[in-house]
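Student: sequence and predicted structure are below.
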Amino acid sequence: MNAPRAPLRPLDEALAELLAHAQVLEGTESVSTFEADGRVLAEDLVSALQVPPQDNSSMDGYAVRSAEIADEGVPLPVSQRIPAGSAALPLQPGTAARIFTGAPIPAGADAVVMQEDTEALDEQRVRILRVPETGQWIRRSGEDVRRGAVVLPKGERLSPAALGLAASIGMDRVSVARRPRVALFSTGDELVMPGEVSPQAMRPGAIYNSNRFFLRALLQRLGCEVSDLGIVPDDRQATLDALAKAAGGNDLILTSGGVSVGEEDHIKPAVQQLGRLDLWQIAMKPGKPFAYGRVGEAHFMGLPGNPVSSFVTFLLLVRPFLLKLQGATKLTPGVTLLPAHFELPRPDKRREFLRVRRDGDGGLELFGNQSSGVLTSTVWGDGLVDNPAGTTIARGDKVRFITLAELLA
Ligand code: AMP
Ligand code: MG
């Protein structure tokens with residue numbers, strides 16, 4: 001007799017359990033700021049200077065004392081020329097200083113008149129055509145960053161913009177969490193590799209291993225060091241061997257396929273034999289057969305073989321886990337409410353993640369085939385709708401939208 005089926009774990013509960021298992025990795029690394037894109041800061045970045053360092057001009061024009069210019073049309077002698085990168089002398093009373101964008105404001109000046117509001121009479125004299133307001137076209141010292149400010153906190157995942165900000169306070173290197181080491185393998189006797197077998201030479205029943213490609217790329221984007229163990233056949237001993245090998249020296253073993261209930265699915269019993277399984281089967285669609293456990297010191301995550309299931313479970317479960325290992329503070333994506341420009345009359349019993357994209361009218365369209373084998377949906381789509389279990393969607397209903405751009409960053 002079959003044992004009664006255990007209830008599927010709610011996704012939020014499963015995620016909370018995974019994150020509780022994800023202790024931040026020990027060890028940090030100092031990397032060049034050029035190489036730090038996507039890494040997670042291991043310490044606060046504190047500014048040792050003001051940015052900009054001094055008051056400077058935001059226009060090409062003339063620096064003046066605004067109180068000296070009561071009327072338009074006043075000609076003034078030009079007493080100095082201040083290009084960007086040079087030092088300025090104090091502004092002589094009754095004169096203007098030729099100044100360029102980014103150049104320091106001379107002491108005594110309190111406004112810049114943009115070039116377009118002046119008429120150069122000759123090299124030595126300029127006519128001011130518009131009465132300036134005090135402070136105009138001056139960028140103030142520290143208006144971007146104040147000395148002593150935390151510009152980027154520990155736990156921040158560095159974006160290209162953040163690298164620029166770090167560089168603006170003089171950081172040529174940053175301290176980041178070390179890269180998680182991840183062993184990856186795909187299971188399935190049907191799998192063949194592009195490049196090894198041509199489309200014409202495919203044997204009946206064979207398919208290309210697509211999961212290996214997006215999983216490796218996703219791991220690399222998350223800062224991981226990947227050991228790719230290739231394809232493991234649907235065989236108990238081969239699975240045990242692969243898991244044992246993957247456990248050595250890795251923080252996480254990530255597998256795809258073979259984690260469902262068929263007798264060709266060897267992952268689950270093999271993990272139970274070598275280590276332990278803490279979690280199996282989640283109330284989500286796609287992605288139900290997800291598994292978590294441990295083999296030796298390594299965490300284990302088994303993703304379903306169906307490509308869309310693999311993709312979605314990676315983004316919603318593996319991604320936050322890997323970010324947590326690196327000490328990141330933001331683990332889960334933002335949600336926006338957007339109107340559905342489609343209908344879902346027959347919802348699933350499980351919480352469902354539908355592949356959708358934004359149309360030109362501020363709403364969402366649904367990809368026609370939501371099968372977990374149809375990888376086209378993940379490229380066509382620019383996001384997922386997080387639809388609660390058993391919830392129908394009528395045209396115009398506000399639904400929970402998560403952008404793929406954020407999940408794939
Ligand atoms: P499984 O989870 O092993 O039962 O596989 C479920 C479905 O996903 C089957 O149709 C497999 O052929 C397919 N599949 C499994 N692994 C991969 C993979 N790496 N690339 C593409 N399809 C896969
Ligand atoms: Mg399989």
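Tutor: Alright, I've got the coordinates. Ligands and ions are numbered 1, 2, ... in the order given.
Student: what segments of the stretch 1-150 of the chain are strands?
Tutor: Secondary structure of the stretch 1-150 of the chain, counting by DSSP state E, counting those that start in this stretch: strands at 28-32, 45-46, 56-57, 61-64, 74-82, 96-99, 111-114, 118-122, 125-128, 138-139, 150-152.
Student: the last one: partners in the sheet, and parallel or antiparallel?
Tutor: According to DSSP bridges, strand 150-152 forms sheet pairs with strand 45-46 (antiparallel).
Student: which other residues reach the partner strand?
Tutor: 148-153, 166, 169, 171, 174 (CB atoms under 8 Å, 6 or more residues apart in numbering). Where C-beta positions appear, they are placed from N, C-alpha and C, glycine not excepted.
Student: most neighbours of all those residues, which one?
Tutor: Val174 (24 neighbours; other CB atoms under 10 Å).
Student: help me confirm that that one is found in a strand?
Tutor: Yes - judged by DSSP: H, G, I helix; E, B strand; the rest coil, Val174 forms part of a strand.
Student: what's the distance between the closest residue to ligand 1 within the chain and Phe185?
Tutor: Closest contact between the chain and ligand 1, by CB to the nearest ligand atom, is at Gly305 (2.4 Å). With distances taken as CB to CB, to the nearest Å, Gly305 is found 12 Å from Phe185.
Student: joint contacts of the two?
Tutor: Ser256.
Student: tell me how many other residues surround the nearest residue to Glu406 once chain neighbours are set aside.
Tutor: Closest residue in space to Glu406, ignoring its immediate chain neighbours: Pro333 at 4.6 Å, by CB to CB, 6 or more residues apart in numbering. Residues near Pro333, counting by other CB under 10 Å, number 21.
Student: Pro333 touches Thr403, doesn't it?
Tutor: Yes - the criterion here is CB atoms under 8 Å, and Pro333 meets it with Thr403 at 7.2 Å.
Student: on that earlier part again, and the residue of the chain closest to ligand 1, helix, strand or coil?
Tutor: Look at Gly305: counting by three-state DSSP, its state is coil.
Student: cool, Ala238 as well?
Tutor: When classified by three-state DSSP, Ala238 comes out as helix.
Student: test my guess that it contacts Val232.
Tutor: Yes - when contacts are counted by CB under 8 Å, Ala238 is listed as touching Val232 (5.4 Å).
Student: which one of those two has more residues nearby?
Tutor: Val232 (26 against 15).
Student: got a list of what the more buried one touches?
Tutor: Counting by CB under 8 Å, 6+ apart, Val232 has contacts 185-187, 238-239, 242, 255.
Student: mind pulling the model confidence for Pro7?
Tutor: In this model, Pro7 is scored at 87, pLDDT.
Student: what of Val259?
Tutor: 96.
Student: ramachandran angles for the spatially closest residue to it that is not a sequence neighbour?
Tutor: Computed as CB to CB, 6+ apart, the closest residue to Val259 that is not its neighbour in sequence is Gly302, at 3.9 Å. Dihedral pair for Gly302: phi -110, psi 120, per degrees, to the nearest 10.
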